[in-house]
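>>> I'll drop the sequence and a predicted model, then ask my questions.
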Amino acid sequence: MRYNTVAVIGLSWGDEGKGKITDFLAQKADIVVRYQGGNNAGHTVICNGIKYKFRLIPSGAPLEKEIIIGNGCVIDPKVLLSEMENLSKLNKKINLKISSTAHVIFPFHQILDELEEKKKKDYAAGTTKSGIGPTYSDKAARWGLRLFDLIHPEILKEKLIKLAKIKKDIINSYISDWKLNVDEIYEEYYNYGQKLKPYVINTAFYLNQQIDKGKKIIFEGAQGALLGIDHGMYPFGTSSNSNALGISAGTGVPPKKIGPIIGVIKAYTSRVGAGPLVTELNNEIGDKIRTQGGEYGTVTGRPRRIGWIDLFNLKYAIMINGVEDIVITLLDVLEDIDPLKICIGYEFEEEELESWPIQSELLEKCNPIYKTYTGWKKLSREEWSEIAKNGYDNLPKEMKTYINAIKEELKVNIAMLSIGPSREDTIVLKDYFD
Ligand code: GDP
Ligand code: IMO
Ligand code: MG
């Protein structure tokens, strides 16, 4: 049986444009599913002149598609409800289902996120401080609360009192006079639970049923492959499997039902947070790319670190995710930068490496090996949009050479190219769901 599913995942450090690409593909899909991460994500979708910045809500929402938040996600109910409210204000119909086994973020998780970051010093990842790490820690420790608990007041009360006591003791070891009002938290979360109750179901069962019926489904990754807990750059990443490997665990959909994995990459590298970045540009070229690309965190507003595109780490990400098709975004941002560089390998202690060294201690000592390419000239927004309308052949010839170099080195198909933030600024070379 052929299943109608695809996955859209980031292949590097997040913010590759997954939101935009998911929205584009959602035009032909029925359901969009988030399967890991939480409101550390910030996915931008621009359509009909409206800019949406989704943190938990899957990017199929502007098109009023069915949207699902899977069990692999961690949910801050306050953030989710405010996103739902924003959509309602725009008169968008919300067709949402939330997994009863997704874990809940509480205020003490956010406090611990901050305190633990301070304690870690050199090993701090520069988190979004949304409580992601502490909530996944509680999930692994098996005393976390899930959506099922949240919507059942008696269970919520009993489990919350136990967990809050444990967390208070830990927080008091950092701040001795810190006080916690369990009744207040219970009251607040009881209300959240009752508001979310109508949306909570067994999403694993529902999703498998829909896939078997032939529904067209997009699994929307958050973060990026290099930030993943198991296969990313530990400890400078996030706390979930932010890659294709997380889909089955985070939804209950078996691997055999998961279709092509579409890897999204930027035309250059960006990174929020700490850890070595081999191709980093700490100079005026980096500043220019940051300005032209508006490279400031969608969630935190932090300036993103910028570097040349790194095909060496992308090859690793492509391998672990089984990616055959890629999308290159933000190509327009590299306008008026000449020459351009593409990193094709690393040197470590004067030897060229065979594979990406996942350890941050080794990465710190690596030097990039570059190939140099001619840049393309500056165009107006209208000119880029016109090119998108007229298709691939109309791209600047220098850009086509740059794209080809990436394609050849990575040995992948180019599925789509993005030359602007809007849905229309997209060139499609491969169709899905047909
Ligand atoms: P995500 O987290 O992967 O969904 O990406 P973000 O939304 O955090 O960051 C991508 C940013 O680039 C957003 O501001 C998008 O609106 C913007 N964007 C996406 N594709 C393009 C593109 O091709 N060109 C330009 N100029 N901006 C883009
Ligand atoms: P989207 O889905 C970019 C980074 C943080 C930090 C590390 C751990 O928009 O691509 P966390 O709060 O998860 O404990 O932070 O991961 N990070 C992201 N960077 N895009 C994201 O999401 C990110 N989500 C987390 O900056 O280095
Ligand atoms: Mg983002």
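That came through, no problem. Ligands and ions are numbered 1, 2, ... in the order given.

>>> Now whichever residue of the stretch 151-300 of the chain sits closest to ligand 1: closest residue in space, sequence neighbours ignored.
At 4.0 Å from ligand 1, residue 298 is the closest residue in the stretch 151-300 of the chain, using Cβ to the nearest ligand atom. Placement of C-beta: from N, CA and C, glycine included. Sequence neighbours aside, residue 42 is the residue nearest to residue 298 in space, at 2.8 Å (criterion: Cβ to Cβ, 6 or more residues apart in numbering).

>>> For the one you found, report the pLDDT, please.
Listed pLDDT for residue 42 reads 95.

>>> quick one: contacts for it?
15, 53, 54, 55, 297, 298, 299 (Cβ atoms under 8 Å, 6 or more residues apart in numbering).

>>> Can you pull the phi and psi angles for residue 270?
phi -140, psi 160 (degrees, to the nearest 10).

>>> pLDDT at it, what is it?
97.

>>> How about residue 1?
64.

>>> Please give the number of neighbouring residues around the residue of the stretch 151-300 of the chain closest to ligand 1.
Residue crowding around residue 298 was assessed by other Cβ atoms under 10 Å; the count is 20.

>>> any low-confidence regions in the stretch 201-350 of the chain?
Nowhere does the stretch 201-350 of the chain drop to pLDDT under 70.

>>> near ligand 3, which residues of it show up?
Residues of the stretch 201-350 of the chain lying close to ligand 3 (Cβ under 5 Å from the ion) are residue 298.

>>> from the stretch 201-350 of the chain, which residue is nearest to ligand 3?
residue 298 (4.5 Å; Cβ to the ion).

>>> my guess is residue 27 meets residue 62, correct?
No - contact between residue 27 and residue 62 fails when scored by Cβ atoms under 8 Å: they sit 10.4 Å apart.

>>> quick one, which of the two is more surrounded?
When residue 27 and residue 62 are compared for neighbours, residue 62 comes out ahead with 21 against 12, by other Cβ under 10 Å.

>>> wait, what's in contact with the more buried one?
23, 45, 47, 48, 50, 52, 92.

>>> try 10 Å
19, 23, 26, 45-48, 50, 52, 54, 87, 90, 92, 423 (Cβ atoms under 10 Å, 6 or more residues apart in numbering).

>>> quick one: secondary structure of residue 9?
strand (DSSP: H, G, I helix; E, B strand; the rest coil).

>>> Find the residue closest to it in space, skipping its chain neighbours.
Nearest to residue 9 is residue 221, by Cβ to Cβ, 6+ apart, at 3.5 Å.

>>> by contact count, what packs against the biggest helix by length in the chain?
Determined from DSSP state H, the single longest helix within the chain is helix 153-174. The contact analysis (3 or more Cβ pairs under 10 Å, 6 or more residues apart in numbering; DSSP states H and E) places helix 153-174 against strand 103-104, helix 107-120, helix 132-141, helix 147-151, helix 182-196.

>>> For the protein, which residues are neighbours of ligand 2?
10, 13-15, 40-43, 125-128, 130, 132-133, 222-224, 227, 237-239, 272-273, 298 (Cβ under 6 Å from any ligand atom).

>>> sorry, back to before: who touches both of residue 27 and residue 62?
With Cβ under 10 Å, 6+ apart as the test, residue 27 and residue 62 both reach 47, 423.

>>> Tell me which stretches of the stretch 251-400 of the chain form strands.
Applying DSSP state E, counting those that start in this stretch to the stretch 251-400 of the chain gives strands spanning 261-266, 269-271, 305-307, 309-310, 325-329, 340-348, 351-352, 366-373.

>>> For the helix or strand hosting residue 405, name the packing helices and strands.
In this structure, residue 405 sits in helix 397-410 according to DSSP states H and E. In terms of contacts (3+ Cβ pairs under 10 Å, 6+ apart), helix 397-410 is packed against strand 261-266, strand 309-310, helix 311-321, strand 325-329, strand 340-348, strand 366-373, strand 413-418.

>>> Let me have the ones you listed in JSON lines, extended by mean neighbour count.
Formatted as JSON lines, the helices and strands packed on helix 397-410 follow (neighbours: other Cβ atoms under 10 Å):
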{"stretch": "strand 261-266", "mean neighbour count": "28"}
{"stretch": "strand 309-310", "mean neighbour count": "26"}
{"stretch": "helix 311-321", "mean neighbour count": "21"}
{"stretch": "strand 325-329", "mean neighbour count": "24"}
{"stretch": "strand 340-348", "mean neighbour count": "19"}
{"stretch": "strand 366-373", "mean neighbour count": "15"}
{"stretch": "strand 413-418", "mean neighbour count": "21"}
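
>>> could those go into JSON lines alongside distance to residue 253?
Output for the helices and strands packed on helix 397-410, formatted as JSON lines (distance: least, Cβ to Cβ, whole Å):
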{"stretch": "strand 261-266", "distance to residue 253": "13"}
{"stretch": "strand 309-310", "distance to residue 253": "31"}
{"stretch": "helix 311-321", "distance to residue 253": "16"}
{"stretch": "strand 325-329", "distance to residue 253": "19"}
{"stretch": "strand 340-348", "distance to residue 253": "35"}
{"stretch": "strand 366-373", "distance to residue 253": "37"}
{"stretch": "strand 413-418", "distance to residue 253": "21"}
